[in-house]
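J.: Here is my input; please provide its structure:
(one chain, ligands or ions: 1)
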Amino acid sequence: MYVRDAPDDGETVVVLGGVHGSELAGIDAAHSTREWEFDRGTLVVIPEANAPAVRDRTYSGPHGDLNQQFPAGRSPTTPIAEAIWSFLVETDPDAVIDMHSSMGIWGASLGPSGFGQAIFPTEAGDARAIAARANRSLNEAVVRPSSRYGGAYNFTRGNTLAGAHPRLIHKVSADLETAGYLTEVTRHDTALETRTGWSEAVAATLLAHHGIEVERE
Ligand SMILES: [Zn+2]
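T.: Down below sits the predicted model:
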């Protein structure tokens, strides 16, 4: 993990990639965030959360699906999940961003359905409102200017995560009562470079809404 502290005090945001080791866009984007410059706040990056899965380029790795190991109100169920959770509790963040990719598109009327191009906010914090505002600026600045990726690829807000499933962001909502975002880009007819760019834009936009205005290269 990498901790970057700006000169001025502000919110602390944790960014994760590689909870699923085969979802390369989130891993590459998380590594990019380590290089960003900003004047206010603290950015904590865990770019390869499930390190054995990232090493093997597999979804789950040898210890099972890491995003099924964070039950609300109980201890995480594997040593990797326990280590990540203990670190989060110690860090006491104002927000957590967990970056993924998916085959389909959330709520798609055309093409395969799935989870892509969506931000799934926590019930806790101001996450629902922030996700809606972030989507508006993402679509205006990132999706719409490309003729190739029109309306079908617009980011939308997913359902609210509040502890019903043993996913990391569910537990962030239920146990830390903190804003969190499970973010998804789609692999449907997209290049890794495009997906990584979208993931970086999602992270930068959410960080800005938490007072961390980044300068990207
Ligand atoms: Zn995933």
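J.: what's the spacing between the residue nearest to A141 when sequence neighbours are not counted and A29?
T.: Spatial nearest neighbour of A141, excluding adjacent residues (C-beta to C-beta, 6 or more residues apart in numbering): A201 at 7.2 Å. C-beta: built from backbone N, CA, C; applies to glycine. As judged by C-beta to C-beta, to the nearest Å, A201 and A29 stand 9 Å apart.
J.: before we move on, what about G150?
T.: 22 Å.
J.: try P79
T.: Taken as C-beta to C-beta, the span from P79 to A29 is 26 Å.
J.: Of the two, which one has the most company?
T.: A29 (27 against 10; other C-beta atoms under 10 Å).
J.: where does that one fall, phi/psi-wise?
T.: Here is the backbone geometry of A29 (degrees, to the nearest 10): phi -70, psi -40.
J.: E82 now?
T.: Dihedral angles for E82 - degrees, to the nearest 10 - are phi -60, psi -40.
J.: got it, and G26?
T.: Dihedral angles for G26 - degrees, to the nearest 10 - are phi -70, psi -30.
J.: Give me the distance between A124 and the ion.
T.: 21 Å (C-beta to the ion, to the nearest Å).
J.: Please tell me I have it right and that residue contacts V172.
T.: Yes: applying C-beta atoms under 8 Å as the test, A124 and V172 come out as touching, 7.4 Å apart.
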